[in-house]
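Student: sequence and predicted model, in that order:
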Amino acid sequence: MLADFIIFESNFMDLHLENKVVIITGSTQGIGEAIARTFAEEGAQLVITGRNQERTTKKAAKMANEYNLDIIGVGADLVNPENCKVVVQKTLDHFGKIDILVNNAGGNDTVDLDAGPEAFMSSLKSNLVHYYTMAHYAKEALIETKGNIINIGSKVANLGQGKTSGYAAAKGGIQGLTREWAVDLLPYEIRVNEVIPAEAWTTSYEKWINTFPDPKARLEKITSKIPLGKRMTTSEELANMVVFVASDRASHITGQHLYVDGGYTHLDRSI
């Protein structure tokens with residue numbers, strides 16, 4: 001007797017993101033830009049943000065032309081809460097809805113114990129507070145669409161790095177808020193998750209590496225401790241996770257800390 005086989009005509013997974021409206025903060029370069037481009041490849045309509053209006057507008061126009069999509073850019077320093085409100089309002093004025101919020105803006109500012117309380121508070125404003133503010137102003141729109149929130153974190157929340165008190169505290173706060181919001185927003189069926197990189201290759205990372213006397217040796221030392229493949233995570237690999245988790249293919253995933261790091265955070269790096 002011949003066995004029965006199930007034959008799939010295609011291995012393509014439609015993420016059902018066409019015409020979804022996505023805000024990605026800090027998306028004119030690096031991981032944020034990779035996230036924006038991956039959403040665009042799935043047909044989503046985008047709002048990208050950056051601190052410089054001219055640069056952000058040009059980036060949005062370029063991407064809109066590349067992908068033949070409706071993409072707008074909003075220049076805004078999100079440290080100012082009013083600017084977060086402006087981003088949300090401009091999104092609603094232009095698109096009429098918000099389906100997905102990706103909180104990504106920020107960067108390791110190396111604010112350590114010697115920097116002092118004012119610098120520490122400034123670091124929290126740059127790396128944590130606007131995550132809350134964006135979610136606060138986007139909440140009602142996300143309720144209407146049963147949308148979801150993706151927070152971009154960092155392994156610094158889990159592993160001591162040294163000389164980065166502000167950034168570590170901010171990323172630890174993001175982990176806590178991800179679970180807190182997942183509970184808060186359960187009644188509205190809004191999912192909230194966090195995607196966490198460790199050593200990810202970006203333009204900013206490259207600039208940092210080049211500050212060392214021997215950048216190549218420093219990079220080799222770092223990559224030798226990444227268990228899977230002994231290589232850096234790419235921005236595209238992080239973006240793929242973000243876009244998948246934001247899609248309805250991940251419809252029963254919420255409150256999760258999802259590490260895209262080649263095993264760096266949890267596997268024994270001595271291997």
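Tutor: Structure received. Numbers count the residues shown, from 1 in each chain.

Student: contacts for whatever helix or strand Gln89 lives in next, please.
Tutor: Assigned by DSSP states H and E, Gln89 falls within helix 81-95. Here helix 81-95 makes contact (C-beta atoms under 8 Å, 6 or more residues apart in numbering) with 21, 23, 25, 45, 47, 49, 70, 72, 74, 76-78, 98, 129-130, 133-134, 136-138, 141. To be clear about C-beta, it is placed using only N, CA and C from the backbone, and glycine gets the same treatment.

Student: buried ones in that helix?
Tutor: Neighbour counts over helix 81-95 (16 or more other C-beta atoms under 10 Å) mark 81, 83-88, 90-92, 95 as buried.

Student: got a list of contacts for stretch 124-131?
Tutor: Against stretch 124-131 from outside (C-beta under 8 Å, 6+ apart): 25, 78-79, 81, 84, 103, 105-107, 109, 151, 166-167, 169-171, 173-174, 177.

Student: who's in contact with the worst-scoring helix or strand of the chain on mean pLDDT?
Tutor: Here the helix or strand of the chain ranked lowest by mean pLDDT, DSSP states H and E is helix 203-209, holding a mean of 92. Helix 203-209 is contacted from outside by 29-30, 107, 199, 215, 218-219, 232, using C-beta under 8 Å, 6+ apart.

Student: again, but for stretch 107-115
Tutor: Taking C-beta under 8 Å, 6+ apart as the rule, stretch 107-115 contacts 119-120, 122-123, 126-127, 154, 156, 162-167, 204.

Student: what's around Arg269, how many residues?
Tutor: Neighbours of Arg269 under the rule other C-beta atoms under 10 Å: 12.

Student: again with His252
Tutor: Residues lying near His252 (other C-beta under 10 Å) number 6.

Student: can you check the one 3 residues further on too?
Tutor: A total of 16 residues lie near Gly255 under the criterion other C-beta under 10 Å.

Student: can you tell me, leaving aside adjacent residues, what's nearest to it?
Tutor: In space, and not counting its chain neighbours, Gly255 is closest to Ala182: 3.4 Å by C-beta to C-beta, 6 or more residues apart in numbering.

Student: what about that neighbour, distance to His252?
Tutor: Separation of Ala182 from His252 (C-beta to C-beta, to the nearest Å): 12 Å.
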